[in-house]
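> here is a sequence together with a model predicted from it:
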Amino acid sequence: MKSQKSKWTVLSLMTAVLAVSIALASRPLFEAQPGDLASFSAVSPIDAHVHLYKDDPAFDSLLRRLNLRILDICVIDDRDPYAKGLEPQRSDVLKVVHRTGGRAVLCTTFSPYRFEEPGFAQSTIRQLDADFATGAIAVKIYKVMGMEMKSKAGKYVMPDDPAFEPIYKDIAAHDRTVVAHIAEPDSCWQPPNPASPDYDYYKQNPQEYAYAHPEWPSKSAILAARDHMVAENPKLRVVGAHLGSMEADVNQIAQRFDHYPNFAVDTAARIPYFMLQQRDKVRAFLIKYQDRILYATDLVVMPKDDTEKALAEWNTTYERDWKFFATDQKVEYMGHSYQGLALPKPVLHKIFHDNAVHWLRGIMGKS
Ligand SMILES: [Zn+2]
């Protein structure tokens, strides 16, 4: 009897241990505490839109600690002294790429300004092909198309200008991706409004404020040109940066997704616009189009920026964003609080990882 009893005790103890282990193992992966980035790291997150130009081992440590990969994007804008040419940005990004053992991946760009010069397409293609050989997996095109550049005849040059067509064909032929920052938020064409998420940006960058430049093309004309370029290049993957500049209404994005299977969007710098729309609508949109949205921030670190300050900003950004997408807790933004979306786990996995792997082929390293 005695031995029988102890046998049962051992058995029940084992059962209890087993039950506890099962309970622990099946604990929800995203049981995120406020500020808890462990569950963020568990999805092997990818930030599809970053401008990290500072080579500092602290960023390598951060990427490793968060188990994070980033697309590190170059951008040419002749109104910005650092961004006037591809150099020194490309070299700065390549240093980050090497420093991080490939956790940062290069998104190159090209100067569109010489588009009317003879041999423009050929020399651009030569440059891009060299960048692809160095590891670039994507090519950024920028809002100067449609909002700044003019032809010799005085016409604003749009992203679907025939001058760029051979370049798009080359990018598609190399199975690389275009990251298209075309147009701007609606607020760029509207009178100053302190309640707008972009109010400070246009105050600081009046040269980019379309409202002050009524001679610029309308936003709908620019987006129509972008859509035309996407339609003309069905073999080219195009990721519309900043929610494809359709930030105010997810229905506008849905409409493009339905029309163009080669089009996706990143969330860079536009997550607050999800907060400003109706929660149920945004949640249903993200679930329906779960294969087409790439998590991204638009975090910027210039070579001379303070590392500590940048690290703090990166941590707060990932904490806030993860809390918003993964939990139903309240998130603060511009003095208001918004309830998190509590997206289903498989959807989170796609938005924070799988979609970048698919749309930015090569983001995980040589394959
Ligand atoms: Zn950006």
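Perfect, I can see it now.
> strands of the stretch 251-367 of the chain, residue ranges please.
In the stretch 251-367 of the chain, the segments counted as strands under DSSP state E, counting those that start in this stretch are 263-266, 293-294, 299-301, 330-333, 336-339.
> doesn't P234 make contact with K169?
No - look at K169 against P234 with C-beta atoms under 8 Å: they stay out of range, at 11.4 Å. Placement of C-beta: from N, CA and C, glycine included.
> dump the strands of the stretch 251-367 of the chain to CSV, plus distance to L66.
Converted to CSV, the strands of the stretch 251-367 of the chain look like this (distance: least, C-beta to C-beta, whole Å):
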stretch, distance to L66
strand 263-266, 18
strand 293-294, 17
strand 299-301, 12
strand 330-333, 19
strand 336-339, 23
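> doesn't L68 make contact with A296?
No - distance between A296 and L68: 12.0 Å, which falls outside the contact criterion (C-beta under 8 Å).
> who's more crowded, the two?
Neighbour count, other C-beta atoms under 10 Å: between A296 and L68, A296 has more, with 29 against 22.
> give me phi/psi at K84?
Main-chain dihedrals, K84, degrees, to the nearest 10: phi -60, psi -40.
> how far away is it from S196?
Computed as C-beta to C-beta, to the nearest Å, the K84 to S196 distance reads 29 Å.
> looking at the two, which is more packed in?
Using other C-beta under 10 Å, the more surrounded residue of K84 and S196 is S196, with 19 against 14.
> so who does the more buried one touch?
S196 is in contact with 185, 187, 190, counting by C-beta atoms under 8 Å, 6 or more residues apart in numbering.
> ok, of those residues, which come out buried?
Buried members of those, counted by 16 or more other C-beta atoms under 10 Å: 185, 187.
> contacting residues for E165?
Counting by C-beta under 8 Å, 6+ apart, E165 touches 121, 232.
> for it, which three-state class applies?
What DSSP: H, G, I helix; E, B strand; the rest coil gives for E165 is helix.
> report pLDDT for it.
In this model, E165 is scored at 98, pLDDT.
> can you list contacts of stretch 247-266?
With contact meaning C-beta under 8 Å, 6+ apart, stretch 247-266 is reached by 48-49, 179, 185-186, 227, 230-231, 233-244, 246, 270, 273-274, 277, 281-282, 285, 288-289, 291-296, 355, 359.
> follow-up on the earlier one: out of K169 and P234, which sits in the busier spot?
K169 (16 against 10).
> now the helix or strand encompassing the more buried one - C-alpha only, PDB.
K169 belongs to helix 165-173 when elements are defined using DSSP states H and E. Taking C-alpha atoms only, helix 165-173 is exported to PDB below (Å, rounded to 0.1, in the frame of the first residue of the first chain):
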ATOM      1  CA  GLU A 165      11.100  53.100 -67.400                       C
ATOM      2  CA  PRO A 166      14.300  51.300 -68.400                       C
ATOM      3  CA  ILE A 167      15.500  51.700 -64.800                       C
ATOM      4  CA  TYR A 168      12.300  50.100 -63.400                       C
ATOM      5  CA  LYS A 169      12.700  47.300 -65.800                       C
ATOM      6  CA  ASP A 170      16.300  46.700 -64.700                       C
ATOM      7  CA  ILE A 171      15.300  46.700 -61.000                       C
ATOM      8  CA  ALA A 172      12.600  44.100 -61.700                       C
ATOM      9  CA  ALA A 173      15.000  42.000 -63.800                       C
END
